[in-house]
Each structure stands twice: as structure tokens, then as C-alpha cells.
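Q: sequence first, predicted coordinates after that:
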Amino acid sequence: MEGRLNIKIIFLAVLLFMISANDWSNSFAAPPEADKPAAAEIKPGSFEFYMKSGLDLFSKEKYNESIAEYEKALKLRPNDVDALYNTGLAFQYKKENARALELYLKAVAAEPRHYASKLNAGIALDDMGRADEALLYLQQAAALEPGRFEAYYNLSNIYLAQKKYAETIDVCKRGLSAHPVHDRLHNNLGNAYFNTGNAAEAIKCALTAAAINPKNETAFFNLATYYESVKDVKSALENYNKALEINPAHYDASLNLAIMEAEAGKLAIAEARLIKIRTAKPSDARAYYNLGIIYDMKGDKALAVKEFRAAVERDPSYAAELDPYIQKLSGGR
């Protein structure tokens, strides 16, 4: 099962010229839009002019040019929270998290209750591998705006990665109180329940996520794994196939489906599926491992040995299990 989504909710906002982001599936959040000044009020060379120019460029994904405009605004108002924040956001979209973090912290120094800067500082820290520091900023953001869901969602991602399932359940529930139809929060809540042995609640959460967003491949994939764990083979197969309808390249859904097909005696179908995904992702040892099992079941020792050796080459952790069996299949040679 997928333990953690690499999807972060980044707070996207500016004071004067805000990007609206009402589609939560895009993982952005924005506060209510501020009144926009009339075009005639924006004078070339003014702070407002550079802020608007920066945002226009940002919306076109021209991040370097956007940063250049925001930096002109900062020369006019060096401690302006929104100029600091917007510049940090552009750096974050460029994956320059250290620079983004520096600007967010300056914004927080100027306005300690600036929710967006604390939220995105936490995300930047997490992306930099500093999860414990990230938790502090995300917790502060959640305390500042308990009625918003973004901090809770990002907290749940970190807690899941740390296998802190009680904490995950808590923040997911708090996030869902703020935004009950957030499918990814339901995904994470189900994941946490499943990892604490509560498959029934996990299934409920995944069903809810899938109902909210029928294009959520992870909801269907997770649902399939939950059903598989309780031996509901029919429902598991149905949901692996639904995940693959949404994303035909979903490697883990294809892999798990192939294993179930092999267990059902459909060796030729499973073999064809595993060969296909092995070709698509040749560095992953699991397809080779399972192909080796299928060839062994078919009595083809030479091909089984070939696939098992390929699995060990790609993931040496398989060696302890497979090396003795490779020797056996090879006749002790």
C-alpha cells in the first residue's frame, strides 16, 4: 500500500492580486480574495505595480521573472509580509526550498501570525528532510487557523511517514472537521486505521474518498489492498482494476493484480502483466521476483533462476531468501 502521498498543500496567496484556487484536487488553498485596486491606481514603478507584475508572471510559471519583480517590490518595502511571502512561494515552486524558507521566516518575523508563511515553511522543511522542524511550523499554523485544513493534511503526511498512526488519525479528523470532503485526508485516515489493524474503518475511509473524487486512483488502490487483507477477493480485484482504469501505469496496482491472478491459477495472464510492468519499471525488483515464482510454478527452472537473480541484482535484500533457492533450482551449482 502506498504509505505516503507526495502531495503537499501549499498555501497560495497574495494580498492584492490573489490567484483563486477553488479546486482542492490541485492541492492549493487560498483565503478569501481581497479587493483589487482599479487598474488606474497602479502606477508604473510602484510597489503595487511590481507585485501585480510578479503575480502575473508567477501565474504563467515564469518563476525567475516573477522573483525579479517581487525583489523590486522588496526594495521599496523590505519588510512587507506579502512581498516576502510571494517571493518565497516562487522559490518554492522552483524547488529552492532553502531560499524559500529564508523568506518565509522573514515574513514570520514581521508578522508572527502569518499562517501561510508558517504552513509553507513547514512544507519546505519537510522537503529538505527536516521533518521534526517541519512539524513545529505546521503545528503552529494549525493553532493559528484551526478552521483551515491545509496544516492538518500536511501534518498527516509527515506522521504517516513516521508511522505515528495515532497522531495521523487525530490530525486527519481535525482536518476533516474543517473540510469534510477532502478526499486525501480520508485516504490518510484510512491508511492510519489500516496500519493499526482496523480494516473496517480503513475501508469506510477509502470508500468515502472514492465517492468524493472518483478519479482518486489512490483511494481505489488502497481500497483494494484493504479488501485483499480481509479476503474479499472479488472487491479487491474490482478496485485494483478501477485504479488501473484511472492510471494504467499504476505499478503497484498492476503488481498486486498480477499476484492475485497467479494465486488464482491464471499464470499466463499474470506473466504477461508482470512482463509489461517489468519493462515499464526495470529497476524495481518485485516484478522479477514474482515472475521467478510464476516460472517456478510452471516448472521452468532456468527462467525462474534468471528472474530471481535479476531481483537480487536490483535489491540485494532479496539475497537471503533467494540465493539458497537459486542454488537448489540450479542443481547445487
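A: Thanks, I have the structure now.
Q: where does the protein dip in pLDDT?
A: 1-40, 332-333 (pLDDT under 70).
Q: ok, now with 90
A: Applying pLDDT under 90 to the chain flags residues 1-42, 325, 329-333.
Q: who are the packing partners of the helix or strand Ala302 falls within?
A: Following DSSP states H and E, one finds Ala302 within helix 301-314. With contacts taken as 3 or more C-beta pairs under 8 Å, 6 or more residues apart in numbering; DSSP states H and E, helix 301-314 sits against helix 285-298, helix 319-329. All C-beta atoms are positioned from the backbone trio N, CA, C, and that covers glycine.
Q: deepest of these, which one?
A: Of all the helices and strands packed on helix 301-314, helix 285-298 carries the top mean neighbour count, a mean of 21, counting by mean count of other C-beta atoms under 10 Å.
Q: what residues does it touch?
A: 255, 258-259, 262, 267, 270-271, 274-275, 277-278, 281, 301, 303-308, 310-315, 318, 322, 329 (C-beta atoms under 8 Å, 6 or more residues apart in numbering).
Q: export it to PDB, keeping only CA atoms.
A: The C-alpha coordinates for helix 285-298 follow below in PDB (Å, rounded to 0.1, in the frame of the first residue of the first chain):
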ATOM      1  CA  ALA A 285      13.000  -6.000  -8.200                       C
ATOM      2  CA  ARG A 286       9.400  -7.000  -7.300                       C
ATOM      3  CA  ALA A 287       8.300  -7.800 -10.900                       C
ATOM      4  CA  TYR A 288      11.400 -10.100 -11.400                       C
ATOM      5  CA  TYR A 289      10.800 -11.800  -8.100                       C
ATOM      6  CA  ASN A 290       7.200 -12.600  -8.900                       C
ATOM      7  CA  LEU A 291       8.000 -13.700 -12.400                       C
ATOM      8  CA  GLY A 292      10.500 -16.100 -10.900                       C
ATOM      9  CA  ILE A 293       7.800 -17.500  -8.800                       C
ATOM     10  CA  ILE A 294       5.500 -17.900 -11.800                       C
ATOM     11  CA  TYR A 295       8.200 -19.600 -13.800                       C
ATOM     12  CA  ASP A 296       8.900 -21.900 -10.900                       C
ATOM     13  CA  MET A 297       5.200 -22.800 -10.700                       C
ATOM     14  CA  LYS A 298       5.300 -23.600 -14.400                       C
END
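Q: so how far is it from its chain's centroid?
A: Relative to its chain's centre, helix 285-298 lies at 30 Å (C-alpha atoms, centre = their mean, to the nearest Å).
Q: which residues of the protein fall in strands?
A: 10-11, 28-29 (DSSP state E).
Q: give me the neighbour count for Ile277.
A: Using other C-beta atoms under 10 Å, Ile277 is surrounded by 23 other residues.
Q: who's in contact with it?
A: 251, 254-255, 258, 287 are the contacts of Ile277 under C-beta under 8 Å, 6+ apart.
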